[in-house]
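Colleague: Give the three-dimensional model of this entry:
(chains A and B)
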Amino acid sequence: MNNLAITSSPHFRATQTTRVIMQDVLTALLPALLVSVWAFGLRALVMVATCVAACMLSEYLYRRLMGLDQTVTDLSAAVTGVLIAYNLPVGLPLWMAVIGSFTAIVIIKQLFGGLGKNFANPAIVARIVLLISFTSPMTVWLLPKNSVTPDVITGATPLGVLGSYEGSMALAAAELPTRMEMFIGNIGGSLGETSAVALLLGGIYLVARKVITPTTPLAFIGTVFVLSWILGADPVFQILAGGVMLGAIFMATDYVTTPTTELGKLVFGIGCGLLTVMIRLYGSYPEGVSFAILIMNIVTPHIDRLTGIKAFGGAPAK
Amino acid sequence: MASIFDKSLKGVAVPHRKNTEDSETRVMPVPDKVYIVMSQHMGPPCEVMVKAGDTVKVGQVLGNTEAFLSAPVHSSVSGTVKAIDEIIMPNGTRSKAVVIETDKLQELHEDIQKPEITDKASFLAAVKQAGLVGLGGAGFPTHVKFNPKNLDDVDTLLINAAECEPYITSDYRTIIEDAEDVLEGIRQIMHYLGLARCYIGVEDNKPKAIEKLKEMVQGMPGVGVVALKSKYPQGAEKVLIYETTGRVLGEGKLPADIGVIVTNVTTAACMAQYFRDGVPLISKRVTVDGGAIASPQNVKVLVGTPIKEVFEFCGGYKTEPKKILMGGPMMGTAIYDETYPVVKNNNALLAFDEQQVEYYSETACIRCGRCVRSCPMNLMPLRIEDCFNRDDIEGLKEYKVNLCMECGCCAFACPAKRHLVQTHRLAKVRVRKAAQPA
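Modeller: Residues are numbered from 1 along each chain as shown, chains lettered A, B, ... in the order given. Below is the predicted model of the structure:
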């Protein structure tokens, strides 16, 4: 009769698991995918599918070959796949996307110990690696089809346009898309970064599901807004252009590579915003979000060290 | 009182499952045998004062000790001592137990009489004689708690009626059924210890209890009822003190050091009962619940009754039990053997069936921070776990693992299902071992 289970307390747990969290993230990323398919066609879907498959296969094979427990079912590789795809130009040759996926999963994540042990956001690093390795294809942007151009053609992103006018909003005005187009996503850019409204919807969903707190996104976007304004750039344009929305909502909120406490997250968000604006306005690259996030990822352990919370009633350490 | 602007301590929203809240307590008949354990309190165990073959009566002292932190143990039945056994407690330690074959007569011992209480000294002696210990589960000897060195600095009595664990309703039933005793107990404690104020903390998932108490304290100056938000672990001592008075119980300090004495509502009621009829603590109201029990209810059980028989009194098992807990699901102990006896500080016996028991396997920590966001002591469990894994003793001390009260909020909230409480317990042992001279 005595087959009673003896375990440590607590004897029950909340229902949310790592996998459920990943599912929530995938759901939140869906609106952006829909806009992307509407704007760029089925190629967007193919790209996302390729990256997800490449990521999951890389993780599956790595764990298998190394004799480690199989973790691909926790869906974290799938989330990384989607985020990698969202960071790439829609027309990028698929084999390059596969290389990016492999880099993210095997080199940045698995070689460091797997889930929870990576020091930098795998999708961000993948993008940077591809940008440096295949600069030309990584900067060929497809523009969405519209009534004027029923087929998808290549062209510059809003930040690219601004760059060609040496940063002058006034001179670039005629060629730049309207704010509404940028909000909806009827512009050129990476697969998942173009539609602010779709990304914001995803963000709201994540906050409602208690997956993220609004701290980092608000700090990041807020800093970009305020700093741009102070430095004479157009703040609304700056937050709608490029990867700020995608980065702030989905990449700067990655648990593993960002600080744990709310204060830490605030510092992280502000740091990302600061670096993004600096690179955009004073650096050679038109876009700074990826580098900003990478640098802040690297600094995260130090932020964590400085933003711990004090134990309730704790006496000062002797 | 805590101001509304004070931030509440963190915790987790556990399901209440107060299935037995309306169950009128049934008194369980005398069993054939009882096992009176010598260690039913925090502190050194009692020494056995009887031997095999002795006749014992109800209320007779079976175990006592000179040690300061202790309370005597009494016989809950009349009968003959069969043996002095050694049993393995649920936490793995061993304790002696007096095995008594009952004669079902329940004859009271000759020394049983209403105690004479005239002043603080006789009050404390009476509390000790009653064998009273913290009946919220901790089992801290009550007479020691009522006698801090700085009693003059203590101004507030806190009655803990939070009962934040799921399933348990025994304190709630004490309020509903024995409200007079509760208030009499409060009156006595305030009088003899010279305390001007009393707050009774009750979670707001017990509106009837709050209403009843509010009505009854109307004639009592200085006594108030505080409705606490139903969030686990409101019943934890430090949390209760903070949420009712706003005072922070610092590391290494006792509640008396910040002017407070906290006592469980059932302890107060039992004390009043002892003062009235002189019968020491020998029976206990226990909530019996869980998916494997046919008829969940509250029962009044004689101390020493085998748990198996308590379950049988509640209709027995309707499905095979897979896990049996003494206490609630958040902090209770899983027991290895259903013949283990009821002890004084039990307030719940839960039997879960196969479907309700989950074997959680850990996945990687993703540093999500839910553990940090749920810890009422503001600790950072993920860092403590990391320090433990790297055997970083200094880190464990820095992150104050000693302040962990093992409430279970972190492990409850963790999506990776990491065994955080287990790790924290081991970490505390590790730190203690490291502090010992080689």
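Colleague: Count the neighbours of whichever residue of the stretch 101-250 of chain B sits closest to chain A for me.
Modeller: When scored by CB to the nearest CB, the stretch 101-250 of chain B has residue B:250 as its residue closest to chain A, at 4.3 Å. All C-beta spots, glycine's among them, are computed from the backbone N, C-alpha and C. Per other CB atoms under 10 Å in any protein chain shown, the neighbour tally for residue B:250 reads 15.
Colleague: contacting residues for it?
Modeller: Residue B:250 makes contact with A:313, A:314, A:315, B:257, B:258, according to CB atoms under 8 Å, 6 or more residues apart in numbering or on different chains.
Colleague: tally of neighbours for the first one?
Modeller: Think residue A:313. 20.
Colleague: Just to check, it is in contact with residue B:238?
Modeller: Yes: taking CB atoms under 8 Å as the definition, residue A:313 is a contact partner of residue B:238 at 6.8 Å.
Colleague: what touches both of these two?
Modeller: Counting by CB under 8 Å, 6+ apart, the common neighbours of residue A:313 and residue B:238 are B:249, B:377.
Colleague: got a list of what the nearest residue in space to residue A:315 that is not next to it in sequence touches?
Modeller: Spatially, and ignoring its direct neighbours in sequence, residue A:315 is nearest to residue B:251 (4.2 Å; CB to CB, 6 or more residues apart in numbering or on different chains). By CB under 8 Å, 6+ apart, the contact list for residue B:251 reads A:311, A:313, A:314, A:315, B:400, B:402, B:403.
Colleague: With residue B:73 instead?
Modeller: Residue B:73 neighbours (CB under 8 Å, 6+ apart): B:36, B:37, B:38, B:40, B:46, B:61, B:62, B:63, B:64, B:131, B:344.
Colleague: contact partners of the helix or strand residue B:36 falls within?
Modeller: Secondary structure assignment for residue B:36, by DSSP states H and E: strand B:33-37. Outside of strand B:33-37, the residues within contact range by CB under 8 Å, 6+ apart are B:62-63, B:73-77, B:82, B:85, B:87, B:89, B:95-102, B:302-306, B:341, B:343.
Colleague: among those residues, which ones are buried?
Modeller: Buried by 16 or more other CB atoms under 10 Å in any protein chain shown: B:62-63, B:73-77, B:87, B:89, B:95-100, B:102, B:302-306, B:341, B:343, out of these.
Colleague: Mark which of the contacts of residue B:250 are part of helices, please.
Modeller: Judged by DSSP state H, helices contain none of the contacts of residue B:250.
Colleague: Using the three-state scheme, assign the nearest residue to residue A:100 once chain neighbours are set aside.
Modeller: Leaving aside its sequence neighbours, residue A:100 sits nearest to residue A:126 (CB to CB, 6+ apart; 3.9 Å). At residue A:126 the chain is in helix, as set by DSSP: H, G, I helix; E, B strand; the rest coil.
Colleague: For the stretch 51-200 of chain A, which residues are neighbours of chain B?
Modeller: For the stretch 51-200 of chain A, the residues in contact with chain B (CB under 8 Å from any CB of the partner chain) are A:71, A:74, A:76, A:114, A:115, A:116, A:117.
Colleague: mean confidence for stretch B:223-235?
Modeller: In this model, stretch B:223-235 has a mean pLDDT of 92.
Colleague: ok, and what's touching it?
Modeller: B:1, B:8, B:11-14, B:16, B:136, B:160, B:162-165, B:186, B:190, B:197-205, B:210, B:213-214, B:217, B:239-240, B:243-244, B:330, B:376, B:405, B:407, B:409.
Colleague: Repeat the analysis, applying 7 Å as the threshold.
Modeller: Stretch B:223-235 has contacts (CB atoms under 7 Å, 6 or more residues apart in numbering or on different chains) with B:8, B:11-14, B:16, B:136, B:160, B:162-164, B:186, B:198-205, B:210, B:213-214, B:217, B:239-240, B:243-244, B:330, B:376, B:407, B:409.
Colleague: now the end-to-end length of that stretch.
Modeller: End-to-end distance of stretch B:223-235 (CA to CA, to the nearest Å): 19 Å.
Colleague: quick one: buried residues of it?
Modeller: Within stretch B:223-235, judged by 16+ other CB under 10 Å, the buried ones are B:223, B:225, B:226, B:227, B:228, B:230, B:231, B:232, B:233, B:234, B:235.
Colleague: Greatest separation within the residues you listed: which pair is it?
Modeller: B:223 and B:232 (25.9 Å; CB to CB).
Colleague: quick one, what contacts residue A:238?
Modeller: A:224, A:225, A:228.
Colleague: After the strand or helix carrying it, heading C-terminal, what element do we hit next?
Modeller: Following DSSP H and E, one finds residue A:238 within helix A:235-240. Per DSSP H and E, the first helix or strand lying C-terminal to helix A:235-240 is helix A:244-246.
Colleague: need the next SSE after that next one, C-terminal direction.
Modeller: Sequence order places helix A:262-282 as the next helix or strand after helix A:244-246, per DSSP H and E.
Colleague: Buried residues, stretch B:49-69. List them.
Modeller: Using 16+ other CB under 10 Å as the test for burial, stretch B:49-69 gives B:49, B:50, B:56, B:57, B:58, B:59, B:60, B:61, B:62, B:63, B:64, B:65.
Colleague: try stretch A:228-240
Modeller: Of the residues in stretch A:228-240, those buried (16+ other CB under 10 Å) are A:228, A:233, A:234, A:235, A:237, A:238, A:239, A:240.
Colleague: So which of the residues you listed is the closest to residue B:297?
Modeller: residue A:239 (60.7 Å).
Colleague: With chain B as the reference, measure out to that closest one.
Modeller: Computed with CB to the nearest CB, to the nearest Å, the distance linking residue A:239 and chain B is 26 Å.
Colleague: picking up where we left off before, quick check: the farthest pair among the buried residues of stretch A:228-240?
Modeller: A:233 and A:240 (12.3 Å).
Colleague: just the helices in the stretch 51-200 of chain B please.
Modeller: Using DSSP state H, counting those that start in this stretch, the helices found in the stretch 51-200 of chain B span residues B:120-129, B:142-145, B:170-177, B:179-193.
Colleague: Give me the most central residue, chain A.
Modeller: Using CA atoms, centre = their mean, the residue of chain A that lies closest to the mean C-alpha position is residue A:251, 3.1 Å off.
Colleague: Look at that residue and report its pLDDT.
Modeller: So, for residue A:251, pLDDT stands at 96.
Colleague: same thing with residue A:144?
Modeller: 83.
Colleague: Ok, residue A:317 next?
Modeller: At residue A:317, pLDDT is 63.
Colleague: In the stretch 101-250 of chain A, where is pLDDT below threshold?
Modeller: Along the stretch 101-250 of chain A, segments meeting pLDDT under 70 span A:146-152.
Colleague: Which parts of it are helices?
Modeller: Under DSSP H, counting those that start in this stretch, the stretch 101-250 of chain A gives helices at A:122-133, A:135-138, A:158-164, A:169-172, A:179-184, A:196-208, A:215-230, A:235-240, A:244-246.
Colleague: Send over the third one as PDB, restricted to the C-alpha atoms.
Modeller: What follows is helix A:158-164, C-alpha atoms only, in PDB (Å, rounded to 0.1, in the frame of the first residue of the first chain):
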ATOM      1  CA  PRO A 158      12.800  55.100 -44.000                       C
ATOM      2  CA  LEU A 159      16.100  55.200 -42.100                       C
ATOM      3  CA  GLY A 160      18.000  54.500 -45.300                       C
ATOM      4  CA  VAL A 161      16.200  57.300 -47.100                       C
ATOM      5  CA  LEU A 162      17.000  59.700 -44.200                       C
ATOM      6  CA  GLY A 163      20.700  58.500 -44.300                       C
ATOM      7  CA  SER A 164      20.900  59.400 -48.000                       C
END
